[in-house]
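Asks: Sequence and computational prediction follow.
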Amino acid sequence: MLGKSCRLKKKFRITPFKIFNYGLFILLGIITLYPMWYVLMGSLMPYHEFIKNPIILYPINFTFEAYKSVFRNKTIMPAMFISTYTTLLGTLLSIILTILGAYVFSVKKFPFKNFLFGLVIFTMLFGGGVIPMYITLGKYGILDTPLVYMIPGAINTFYLIILKTSFQQVPQSLREAAEMDGCGQFRMLVQIYVPLSLPTIATLTLFYAVDKWSDLYSGIYYINSAKYYNLQVVLYNMLSGNDSNIGSIVNPGGSTYIAEQVQYASVIVATVPILLVYPFLQKYFVKGVLLGAIKD
Amino acid sequence: MLKNRKFMKKETKKLIKKYYVLYILLIPVLLFYLLFCYVPMYGILLAFKDFDVFKGIINSPWADHNGFGFFIQFLKDEYFWKVTRNTLIISFYKIAFGFPIPIILALLMNEMISMKFKRSIQTVLYLPRFISWVIVGGLVFSILSPNGGLVNSILMNWFNYEEPIYFMINKDFARFIVVSSDIWKNAGWGTIIYMAALSGVNPELYEAADIDGAGRLVKMWHISLASIRPTIIMLFILSLSGILNAGFDQIFVLYNNMLYDKIDIIDTYVYRQGIVSGKYSYATAVGLFKSLIGLGLIIGADKYFKSIGERGII
């Protein structure tokens, strides 16, 4: 009894190490969040107020002007539409293919398994490279169509392996019992394996969605027509000053710096969808996904 | 022997019959790998051909020097060596600073007692992983902007600088900006795998060490660090093998032609040569050279670590 209370005391004692440790992480938290906060403030305040002081904790003279320009903009809104539907459909396609592959390869033994799995693993070590991929997509006729956001990167082999490991945690006895009852392979996947690995599937769905939403690469490599640019490409063009459409963003009567504010607002608009789903799935990360990754 | 093989064949057939649904489920997956991973590999031929769009890959004539003309061309090109050097330098800095930081952070986080604080700080530190490089580039641009960006306004308001510094077109800052923004984006997320490994450590080990009177540092070194050692080595092999990938998206967002000298890397060079200038064969040759060396590095690193008794990854 005495020993326990002693240890408890020790647990709650404030030591120099604790002050250092908590202080360090609070500082890191600020370093992580402040840039985003800063840009959020920049998007919500008149520019001349914003640049007066580097440390801004809340907006002075709140304004939505920058956001209005973003939502009226003739390049950003179509790009938003492209990004949204390629992300939704692409994620759906990706997770279905990943579940199928992970499930089949989680089956302990079937003829040609090692050979087929070897084919999958080999693609992680070596690939044709970017130009052959470009030529091949041209041959398939999907170059310069929104399909390039969804199809060429449909399976991330690393995610497939994570899910395969998670499926392998399902007790073998459950499979045998279900097989005994005449449960087919497909039903086994849908009714046993998917429900039991839901945390991992949820996490991988988030990963796929974030990857697709953040995809700059496909846009700059495979898309020529401006009408098929996704949000990342449009934002990139804006930031690097390549946007010939920037004139339509700048408010004619406003200050010369409104273009920068519109940049801030666009950055925020592009980040919000991720911030909306992130907190709900965060709890699964450690538990669901990465234990599997380590064991592999 | 023959009988045995016949028996095996029969057995295989039986198994295939039993599992035929698996093969059907696998068809779309294999189709994906075939169409988007294996078919493009045949495009590697481009590197050895003098590519003519109208003739196609097969009918284009072979490049000079028995097909190796483009390899000789880039190996003799000074600019190729410059981007290779930039790639190696940037990767080196990213590994030297970016690799140990998540380990140290995970060890320190592991010492925290308050679960609530630990979880909230993890939520915050993981967040940048989910933000694209374009957005991070946007943050970097706005913070370093000469027109009232955070850093310049601190310098001018608090340190009496007369003129703003044009960070994004200044060569001296380029690599520093690349490496530090990479750490900002990835260090927090990098801790997650170590945290998962640390959560699997048997708590009795710490209790036993307590009884022996071991201090905090001793426990961190001999128990925590020792138990995540296989994870550290696995991730180290992976980052070594990626040494020629200095990060296409990041560099593409952050660079401009005034910074080519310091941060133009192989991947961005291949993009400009291949896609922008249309020199497909040349760009394929450079890309192939890069992936072969990458393959060599991963196999070499794996062999080395296995030879000194570690687990390796392949």
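Replies: Okay, I see it. Numbers count the residues shown, from 1 in each chain, chains lettered A, B, ... in the order given.
Asks: quick one: buried residues of stretch B:235-252?
Replies: Across stretch B:235-252, burial judged by 16 or more other CB atoms under 10 Å in any protein chain shown covers B:235-237, B:239-252. (C-beta placed from N, C-alpha, C; glycine too.)
Asks: Quick one: end-to-end distance for that stretch.
Replies: Stretch B:235-252 stretches 25 Å from its first residue to its last (CA to CA, to the nearest Å).
Asks: And the closest residue to B:E310 other than its chain neighbours, what's its pLDDT?
Replies: In this structure, B:E310 finds its nearest non-sequential neighbour in B:I233, 5.0 Å apart by CB to CB, 6 or more residues apart in numbering or on different chains. Each residue has a pLDDT score; the one for B:I233 is 90.
Asks: what are the phi and psi values for A:I142?
Replies: phi -110, psi 0 (degrees, to the nearest 10).
Asks: about what we covered before: am I right that the residue nearest to B:E310 is in a helix?
Replies: Yes. Assessed with DSSP: H, G, I helix; E, B strand; the rest coil, B:I233 lies in a helix.
Asks: quick one, what contacts it?
Replies: Residues in contact with B:I233 (CB atoms under 8 Å, 6 or more residues apart in numbering or on different chains) are B:F305, B:E310, B:R311.
Asks: Show the contacting residues for A:Q232.
Replies: Per CB under 8 Å, 6+ apart, neighbours of A:Q232: A:S83, A:W213, A:S214, A:D215, A:L216, A:G219, A:A270, B:S132, B:V134.
Asks: Can you give me the neighbour number for the last one?
Replies: Okay, so that is B:V134. 28 (other CB atoms under 10 Å in any protein chain shown).
Asks: pretty sure it is touching A:N237, no?
Replies: No. With contact defined as CB atoms under 8 Å, B:V134 and A:N237 do not form a contacting pair (9.8 Å).
Asks: in the longest helix seen in chain A, what counts as buried?
Replies: Secondary structure of chain A read by DSSP state H shows that its longest helix is helix A:76-106. Neighbour-count burial for helix A:76-106, counted by 16+ other CB under 10 Å, picks out A:76, A:78-80, A:82-83, A:86-87, A:90-91, A:93-95, A:97-106.
Asks: Tell me the helices and strands packed up against it.
Replies: Here helix A:76-106 is seen to pack against helix A:113-125, helix A:157-168, helix A:198-213, helix A:231-239, helix A:258-282, helix B:20-33 when contacts are counted using 3 or more CB pairs under 8 Å, 6 or more residues apart in numbering or on different chains; DSSP states H and E.
Asks: Distance from it to the middle of the chain?
Replies: 11 Å (CA atoms, centre = their mean, to the nearest Å).
Asks: If you average the pLDDT over that helix, what comes out?
Replies: Taken as a whole, helix A:76-106 has an average pLDDT of 96.
Asks: any idea what sits nearest residue 101, other than its immediate chain neighbours?
Replies: Going with chain A. In this structure, A:G101 finds its nearest non-sequential neighbour in B:V29, 4.0 Å apart by CB to CB, 6+ apart.
Asks: nope, chain B please
Replies: Using CB to CB, 6+ apart, the closest residue to B:I101 is B:A187 (4.7 Å).
Asks: thought the one you found was touching B:L105?
Replies: Yes. B:A187 is within contact range of B:L105, at 6.7 Å (criterion: CB under 8 Å).
Asks: Now do the shared contacts for those two.
Replies: B:L125.
Asks: Just say helix, strand or coil for B:V201.
Replies: Classification of B:V201 by three-state DSSP places it in coil.
Asks: Which residues are in contact with B:L139?
Replies: Counted by CB under 8 Å, 6+ apart, B:L139 has contacts A:P35, A:M36, A:Y38, A:V39, A:V267.
Asks: Using PDB, write down the CA coordinates of the helix or strand harbouring it.
Replies: Secondary structure from DSSP states H and E places B:L139 in helix B:133-144. What follows is helix B:133-144, C-alpha atoms only, in PDB (Å, rounded to 0.1, in the frame of the first residue of the first chain):
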ATOM      1  CA  TRP B 133       3.100  19.600 -51.000                       C
ATOM      2  CA  VAL B 134       1.300  22.300 -53.000                       C
ATOM      3  CA  ILE B 135      -0.400  23.400 -49.800                       C
ATOM      4  CA  VAL B 136       2.900  23.200 -47.800                       C
ATOM      5  CA  GLY B 137       4.500  25.100 -50.600                       C
ATOM      6  CA  GLY B 138       1.700  27.700 -50.200                       C
ATOM      7  CA  LEU B 139       2.500  27.900 -46.500                       C
ATOM      8  CA  VAL B 140       6.200  28.300 -47.200                       C
ATOM      9  CA  PHE B 141       5.700  31.000 -49.700                       C
ATOM     10  CA  SER B 142       3.400  33.000 -47.500                       C
ATOM     11  CA  ILE B 143       5.600  32.700 -44.400                       C
ATOM     12  CA  LEU B 144       8.700  33.700 -46.400                       C
END
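Asks: Now do that helix: distance to the chain's middle.
Replies: Distance of helix B:133-144 from the chain centroid (CA atoms, centre = their mean) equals 20 Å.
Asks: Following element in sequence after that helix, please.
Replies: helix B:150-158.
Asks: contacting residues around that next one?
Replies: A:35, A:38, A:51, A:53-54, B:142-146, B:161-162, B:164-165, B:167.
Asks: Relative to chain B, how far out is the nearest residue to A:V170 once chain neighbours are set aside?
Replies: Distances taken as CB to CB, 6+ apart place A:L196 nearest to A:V170, at 5.3 Å, with adjacent residues excluded. Applying CB to the nearest CB, to the nearest Å, the value for A:L196 to chain B is 18 Å.
Asks: What residues does the stretch 51-200 of chain A have near chain B?
Replies: Contact residues, the stretch 51-200 of chain A versus chain B (CB under 8 Å from any CB of the partner chain): A:51, A:53-54, A:97, A:100-101, A:103-104, A:107, A:110-111, A:116, A:119-120, A:123, A:125-136, A:140, A:151-152, A:154-155, A:184-186, A:189.
Asks: Quick one: mean pLDDT over stretch A:183-201.
Replies: In this model, stretch A:183-201 has a mean pLDDT of 90.
Asks: and A:N53, how many neighbours does it have?
Replies: 13.
Asks: repeat for A:I121
Replies: Residues near A:I121, counting by other CB under 10 Å: 14.
Asks: so what's the backbone phi/psi at B:K49?
Replies: phi -120, psi 150.
Asks: dump the residue contacts of it.
Replies: Counting by CB under 8 Å, 6+ apart, B:K49 touches B:I57, B:S60, B:P61, B:W62, B:A63, B:G67, B:S281.
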